[in-house]
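> Attaching a predicted model along with its sequence, questions to come.
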Amino acid sequence: MEAPSPSPESAHNVGEHDMAITADHIREKLIKELGAVHVDVEDTTANRCAASFRVLVVSSQFEGKTPLQKQRMVNACLAQEMEEIHALEQKTLTPEQWEKKKCQ
């Protein structure tokens with residue numbers, strides 16, 4: 001007796017969450033969705049047990065926002081990816097803050 005073939009719906013869902021999150025993918029999404037003028041993404045997975053990244057995001061959309069609000073913006077931007085990411089260490093700056101930091 002043959003096993004039933006998967007329905008089109010279940011076949012569509014196979015591997016849906018198996019996408020490997022890369023540093024380049026994260027960088028491109030933050031630039032596109034947050035209008036980031038500078039993004040550094042470091043894959044720190046090798047130091048941990050699951051997908052982990054460290055990001056520096058510089059965006060004018062962070063102007064007037066608290067650190068928590070800025071981190072929530074990044075989390076919202078990467079909501080789909082966060083299902084696969086174990087840890088995301090963030091540094092979020094405005095362009096003005098970034099310029100000051102570069103001069104130190």
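Noted; the coordinates are in hand.

> For stretch 87-104, which outside residues touch it?
37-38, 44, 48, 50-60, 62-63, 67, 70-71, 73-75, 78, 82 (Cβ atoms under 8 Å, 6 or more residues apart in numbering). The way it works is simple: take the backbone N, C-alpha and C, and place the C-beta from them, glycine included.

> just the helices in this protein please.
For the chain, the helices defined by DSSP state H occupy 8-13, 23-34, 67-77, 79-82, 95-103.

> Narrow the contacts of stretch 87-104 to just the buried residues.
By neighbour count, with 16 or more other Cβ atoms under 10 Å, the contacts of stretch 87-104 hold 44, 51-59, 62, 70-71, 73-74, 78 as buried.

> So which of these belong to strands?
Among those, the residues falling in strands (DSSP state E) are 52-58.

> which pair in those spans the largest distance?
Farthest apart among those by Cβ to Cβ are 52 and 58. That separation is 21.2 Å.

> Point out where this structure drops to low pLDDT.
Across the chain, the ranges flagged by pLDDT under 70 are 1-19.

> again, only this time at 90
The model of the chain has pLDDT under 90 over residues 1-21, 45-51, 86, 100-104.

> Now tabulate the ones in strands among the buried ones among the contacts of stretch 87-104 in JSON lines and tack on distance to residue 25.
Formatted as JSON lines, those follow (distance: Cβ to Cβ, whole Å):
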{"residue": "52", "distance to residue 25": "15"}
{"residue": "53", "distance to residue 25": "10"}
{"residue": "54", "distance to residue 25": "15"}
{"residue": "55", "distance to residue 25": "12"}
{"residue": "56", "distance to residue 25": "16"}
{"residue": "57", "distance to residue 25": "14"}
{"residue": "58", "distance to residue 25": "19"}
